[in-house]
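A.B. asks: Sequence and predicted model, in that order:
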Amino acid sequence: MSLHPEPRRSIVAESIYGLLNPIPFGCFVAALIFDIIYSETAVMLWDKGAAWLIVFGLLFAVVPRVVNLMQVWVTSRLTATRTDKLDFWLNLFAIVVAIVNAFVHSRDAYAVVPTGLWLSVCTVILLSIGNIVVAVERAARGGYVNE
């Protein structure tokens, strides 16, 4: 028996994180698709759509990142794995890149390509690596069960 009980993660925080965490990823992937279409067609509608998707992705990224910050570095810092910390840092870097991308997309539409496209690619790659690392770690622990 341990004198110090192992800290548990809040069920409410886990559910909020699980509900809101996929939304920014979807917005950033859609913005990447819009940037690719804009680079091929030069129709400004796609650039403005990408700019709005980046802004919405950033707005929806705030709550899951705060929950993740509290879980990884405050309440469960003793039980947080290296994978949790790596996912936190990859997501944080992706948000910083997305903020820069939002400023790039606020310029004239013709000044967005290729910088905005590359920043969108970097954002999606960072988020994808973070999601893959977490999924592989959970699968290795037996977290996902297919029946």
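C.D. replies: Sure thing, it's come through. This one's a predicted model, so the numbers in the text were calculated from it and none came from an experiment. Numbers count the residues shown, from 1 in each chain.

A.B. asks: average pLDDT across the helix or strand containing Val136?
C.D. replies: If you go by DSSP states H and E, Val136 is part of helix 115-141. Here helix 115-141 scores 94 as its mean pLDDT.

A.B. asks: And for the helix or strand bottoming out on mean pLDDT in the chain, what's in contact with it?
C.D. replies: The weakest-scoring helix or strand in the chain, judged by mean pLDDT, DSSP states H and E, is helix 11-20 (a mean of 90). Residues from elsewhere that reach helix 11-20, judged by CB atoms under 8 Å, 6 or more residues apart in numbering: Phe60, Val63, Pro64, Val67, Asn68, Met70, Gln71. C-beta coordinates here come from the backbone N, C-alpha and C atoms, glycine included.

A.B. asks: Show me which residues of the helix or strand following it are buried.
C.D. replies: For helix 11-20, the following helix or strand on the C-terminal side (DSSP H and E) is helix 22-41. Neighbour counts over helix 22-41 (16 or more other CB atoms under 10 Å) mark 23-25, 27-38 as buried.

A.B. asks: got it, and stretch 130-139?
C.D. replies: Neighbour-count burial for stretch 130-139 flags Gly130, Asn131, Val133, Val134, Glu137 (criterion: 16+ other CB under 10 Å).

A.B. asks: pLDDT weak spots in the protein?
C.D. replies: In the prediction, the chain carries residues with pLDDT under 70 at positions 1-9, 143-147.

A.B. asks: Next, give phi and psi for Arg77.
C.D. replies: Note on Arg77: its backbone torsions stand at phi -60, psi -30 [degrees, to the nearest 10].

A.B. asks: Kindly apply the preceding question to Val113 instead.
C.D. replies: Here Val113 shows phi and psi, under degrees, to the nearest 10, equal to phi -80, psi 130.

A.B. asks: That one is in contact with Ile36, isn't it?
C.D. replies: No: taking CB atoms under 8 Å as the definition, Val113 is not a contact partner of Ile36, at 9.9 Å.

A.B. asks: Near Gly18, how many residues? Count them for me, please.
C.D. replies: Using other CB atoms under 10 Å, Gly18 has 11 other residues around it.
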